[in-house]
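Participant: Got a sequence here, can you model it:
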Amino acid sequence: AGGLTAYVTKDPETGQLVLQTGALVLADNSICCIDQFDKTNKIGIICKLNTRTSILAAANPIDSQWNKSKTIIENIQLSPTLLSRFDLIFLLLDPQNETYDRRLAQHLASWYQYEKGNENAHEAMDIDLLRDYISHARTFVNPQLTELAGKLLVSSYVEIRKVGNSKEQISACPRQLESLIRLAEAHAKVRLSDKVEEFDVKEAKRLYCKALINAGERRLLADLAQIVKHYLKKRKLTEKKGLIKIHTLFNEIDKRINELIKQ
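Facilitator: A predicted model of the protein is given here:
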């Protein structure tokens, strides 16, 4: 994407086109945070640059409004091949219910309470200490995969492959096995362990499945919506009572999805 790996500018003195390094190259061996990821575009220049970078990207749905009747891929203008490059994908949605609104408001209010010296507020870890801890873990901790953890990784990958095999869904592919390995290794590094054990693999699987369940439940709603629409079209059901029942069904499904999101 232009501006991320590199971008082309014109030299003000010579007028020639020159290649400037982008955000990913500058963040080599570090972390690059990208907002508005859905707005990136390709450019027709090919070159080889080091971008050994961890990427945290955020993208908005089309028209900044999530459409429950569409899939993730239909809501975000990014190809499945590009999305599959990310180890974890989470949907951050606003369920618009009183319980969620209250929890969010209390969380935001706690920030200001802490700033004013509220003794009951939880003390955050010192940012310099956290930075040194992460740097030490990344530099000096290189955990090795144990035999039992390796077997669990294989079985976990096979199990995840069964979730969402539709072309419109983000399912697991061989690349996601590498994602599970990276997540398990990262969890072991956080513990400053020299071994990737079964516990690390289970946590990696939990994180990955959490993302899949989030996406899968939203896809379930889309599938049900399509089934009902097809039924209405076929039967030409326009009676008021019938429509009320359909809306009630959708509300119950949406309620269940919001409960899963809060979990």
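
Participant: So, low pLDDT: which residues of the stretch 51-200 of the chain?
Facilitator: 51-52, 114-124, 162-173 (pLDDT under 70).

Participant: one more time with 80
Facilitator: 51-53, 68-74, 77-85, 93-96, 111-125, 159-176 (pLDDT under 80).

Participant: in it, which spans are strands?
Facilitator: Counting by DSSP state E, counting those that start in this stretch, the stretch 51-200 of the chain has strands at residues 54-57, 144-145, 195-196.

Participant: would you turn these into a markdown table with mean neighbour count and distance to M125?
Facilitator: Where you see a C-beta, it was placed from the backbone N, CA and C, and this is true even at glycine. Output for the strands of the stretch 51-200 of the chain, formatted as a markdown table (neighbours: other Cβ atoms under 10 Å; distance: least, Cβ to Cβ, whole Å):
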| stretch | mean neighbour count | distance to M125 |
| --- | --- | --- |
| strand 54-57 | 15 | 19 |
| strand 144-145 | 14 | 28 |
| strand 195-196 | 18 | 25 |
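
Participant: Quick one: the ones you listed as JSON lines, columns for distance to E74 too.
Facilitator: Formatted as JSON lines, the strands of the stretch 51-200 of the chain follow (distance: least, Cβ to Cβ, whole Å):
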{"stretch": "strand 54-57", "distance to E74": "19"}
{"stretch": "strand 144-145", "distance to E74": "37"}
{"stretch": "strand 195-196", "distance to E74": "37"}
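
Participant: among the ones you listed, which is nearest D128?
Facilitator: Nearest to D128 among these is strand 54-57; the distance by Cβ to Cβ comes to 20.0 Å.
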